[in-house]
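>>> Pasted the sequence and its predicted model underneath.
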Amino acid sequence: MSLPLSLVAQASRLSDRIVSLRRSIHAEPEIGLHTPRTRDKIRAALAHLPLEWREGPSTTGLVATLKGGGGEGRSVLLRGDMDALPMPEETGLDFASTIPGVMHACGHDAHVAMLAGAAEILAEQAGTLKGEVRFMFQPGEEGYHGARFMLEDGLLGGEDFDLPLPDAAFALHVMPNAPHGLVGGRAGPLLAAADQLQITVTGRGGHASMPHDALDPVPIACEIVTALQTMVARRFNVFDPVVVTISKIDSGTAHNVIADRATMLGTMRTLSATNRARLKDEIPLLAAGIAGAHGLVAEVNILEGFPVTLCDGGAVDFGERVAHAMFGPQAFLRLENPIMGAEDFAYVLEKVPGAMFFLGVSHQGDDWRHCCGIHSTRMMVDETVMPQGAAYLAGLAAQFLAGGWR
């Protein structure tokens, strides 16, 4: 595989611009589907490039298209998410969040900056590119289904819109607790489907000193929690993993009051459509059965989240070859197992063949095993890795349009 070595050199020259954009976004994080400040910073940073912009009604998401000057060809999509998390920041950085209770703790600020860097790199190569590159700047990844909304708005194309879907799609996600500069990926399930689970047990309240005159929902809720773990361990194949975690139990108002109800909140993670469907069927039966055995009632509500992130095997092979060509034979790691986190880039990969890759952004020389991971109030990114990420995204696009893979 031959790749322009200039891509890496271009990224190095753009290092200051990439870092500056990341810091500006990091200092003013935004949550959800509407991130106007971030959108405007992206448009301003790339205003000098010959890009065609598309926006939709449902979000502040952007798709910028770069037309190659080498004639008709294929289309490739590169995606970067741009929303933050509702949590405080405790990094002590000079450019830490100025918005109380909001932080870029998942690296989306870095994703946007690297994608913008890739746009600048590819714009310099535009005369030799055959086809087009689409840059997807997506809000609402943190549980808001932003990618799905952008698809429904037609920003990525489709049969019902005036634009065909791209021929391939790639995304890059930073990992602060992974080796510095290492690119990782795997074919098949990379990340899990994630659904939100709420179980409400309703009984009859009363005085805590006279439980025999009440129907106490708290011990029944505890029994359901234990039974859920037994169900996962004993009824699901260990080689098709399932995770059910109850992370919150809420009941009662005082130490001497038995409440009328107890509410549990949790998450369901699966790697196959079969197990996802089984959980949705079997958890209500389990909860109702346990509650009913004690004379109480259990109601289960499941809020559907992201699907499984499935990476095309050919796309992962291709990504590995690109990483080797650009950064050397030790640059890519095949992940043995999926990660039970979730990603709404899964919606894109349901429509378009492609892959998501991880990029290690621990600081050079640090023990990456002990670095604060994503969604930590102290999560840090080694910004010296970001030009590599921008170059890698550009390399994926350039080589795909040049005929690599598919």
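That came through fine. Predicted, not measured: the structure shown is a model, and the values here were computed from it.
>>> Every contact and neighbour count from this point should use C-alpha atoms.
Will do.
>>> tell me which strands and helices the host helix or strand of Pro219 is in contact with?
Counting by DSSP states H and E, the element that carries Pro219 is helix 217-235. On a contact count with 3 or more Cα pairs under 8 Å, 6 or more residues apart in numbering; DSSP states H and E, helix 217-235 meets strand 193-202, strand 242-251, strand 261-270, helix 273-293.
>>> Can you give the contact residues for the worst-scoring helix or strand of the chain on mean pLDDT?
Here the helix or strand of the chain ranked lowest by mean pLDDT, DSSP states H and E is helix 6-13, holding a mean of 89. By Cα atoms under 8 Å, 6 or more residues apart in numbering, the list of residues contacting helix 6-13 from outside reads 117-118, 121, 326, 387-388, 390-391, 394-395.
>>> could you redo the last one with a cut-off of 7 Å?
The contact list for helix 6-13, computed with Cα atoms under 7 Å, 6 or more residues apart in numbering, reads 117, 121, 387-388, 390-391.
>>> Looking at these, point me to the pair that's furthest apart.
Farthest apart among the contacts of helix 6-13 by Cα to Cα are Ile121 and Gln388. That separation is 11.7 Å.
>>> gap between the residue nearest to the spatial centre of the chain and His294?
The residue lying closest to the centre of the chain (Cα atoms, centre = their mean) is Glu343, at 3.2 Å. Applying Cα to Cα, to the nearest Å, the value for Glu343 to His294 is 39 Å.
>>> Contact partners for the nearest residue to Leu303 once chain neighbours are set aside?
Spatially, and ignoring its direct neighbours in sequence, Leu303 is nearest to Gln196 (4.9 Å; Cα to Cα, 6 or more residues apart in numbering). Shown in contact with Gln196 (Cα under 7 Å, 6+ apart): 266-268, 302-305.
>>> out of these, which are buried?
For those, a burial check counting by 16 or more other Cα atoms under 10 Å picks out 266-268, 302, 305.
>>> Pick the one among the residues you listed closest to Thr253.
Gly266 (21.3 Å).
>>> roughly how far apart are the closest residue to that closest one other than its chain neighbours and Arg17?
Leaving out its chain neighbours, the residue that sits closest to Gly266 by Cα to Cα, 6+ apart is Ile246, at 4.0 Å. In this view, Ile246 and Arg17 are 43 Å apart by Cα to Cα.
>>> cool, Ala298 as well?
55 Å.
>>> neighbour count winner among the two?
Ala298 (25 against 18; other Cα atoms under 10 Å).
>>> Am I right that that one is in a strand?
Yes - counting by DSSP: H, G, I helix; E, B strand; the rest coil, Ala298 is part of a strand.
>>> quick one: it and Thr202 touch, right?
Yes - contact criterion Cα atoms under 7 Å: Ala298 and Thr202 qualify, at 6.3 Å.
>>> Low-confidence bits of the protein, can you list those?
For the chain, the stretches with pLDDT under 70 are 1-5.
>>> check contacts around the residue lying closest to Arg276 once chain neighbours are set aside.
Nearest residue to Arg276 in three dimensions, chain neighbours excluded: Thr270, at 5.7 Å (Cα to Cα, 6+ apart). By Cα under 7 Å, 6+ apart, Thr270 lies in contact with 192-194, 241-243, 276.
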